[in-house]
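Trainee: next input, structure requested:
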Amino acid sequence: MASPDSAAAAAASLPPSSTKKDDVTPISSKIAELNESRSELLTRIQSLKQDLQSWRSKLDTQVKVYRDELSELKKTLNVEVEQLRTEFQDLRTTLQQQQEDVTASLKNLGLQDVAGDVKQTQSQEVKIEEIDKEEQQVLPEEHTAKVDKI
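Mentor: Here you go, the predicted model:
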């Protein structure tokens, strides 16, 4: 290793002004480049921040519009569902009333007409038997056989 005195002697042998200028010029140009790069980066960052803020604002607006639309659709759907419930309840009530009316009518008809139906059925059976007897008397046997086949 070199001693500190030899390093000082080597530095003293070089011309002092050229060493400082050579060192200062590249450093100052590097600093200028770095400052320029920094300025460009800050400008790009600021632009990106503005773009992000614009995007967020548009997105927030869009979300608000969608929420409002969904809220309106929900209200409309709730109203329609309530109307359907009411209509189904009315329909159920109407059907129950009709069923009760039909049941009551059948009971009334059944009680009143049972005796009449029995008499009418017996009367029709007697008439059919009388008609059969009359036909057998009027038609010869061969015609009766043909009628039975039909």
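
Trainee: okay, CA-based contacts and neighbour counts for the rest of this
Mentor: OK.

Trainee: all strands for this structure, in order.
Mentor: Assigned by DSSP state E, the strands in the chain number zero.

Trainee: got a pLDDT number for residue 27?
Mentor: Looking at residue 27, its pLDDT stands at 89.

Trainee: cool, and residue 107?
Mentor: For residue 107, the pLDDT comes out at 85.

Trainee: now do it against residue 96, distance only.
Mentor: Computed with C-alpha to C-alpha, to the nearest Å, the distance linking residue 107 and residue 96 is 16 Å.

Trainee: and what of residue 125?
Mentor: Where residue 96 is concerned, residue 125 sits at a distance of 39 Å (C-alpha to C-alpha).

Trainee: now swap in residue 33 and tell me
Mentor: Residue 33 is 92 Å from residue 96, by C-alpha to C-alpha.

Trainee: got the confidence number for residue 104?
Mentor: 90.

Trainee: what about it, neighbour count?
Mentor: 12 (other C-alpha atoms under 10 Å).

Trainee: what do you get for residue 77?
Mentor: Using other C-alpha under 10 Å, residue 77 is surrounded by 12 other residues.

Trainee: what about this structure, any weak spots by pLDDT?
Mentor: Within the chain, the stretches falling below the threshold (pLDDT under 70) are 1-24, 111-122, 126, 131-150.
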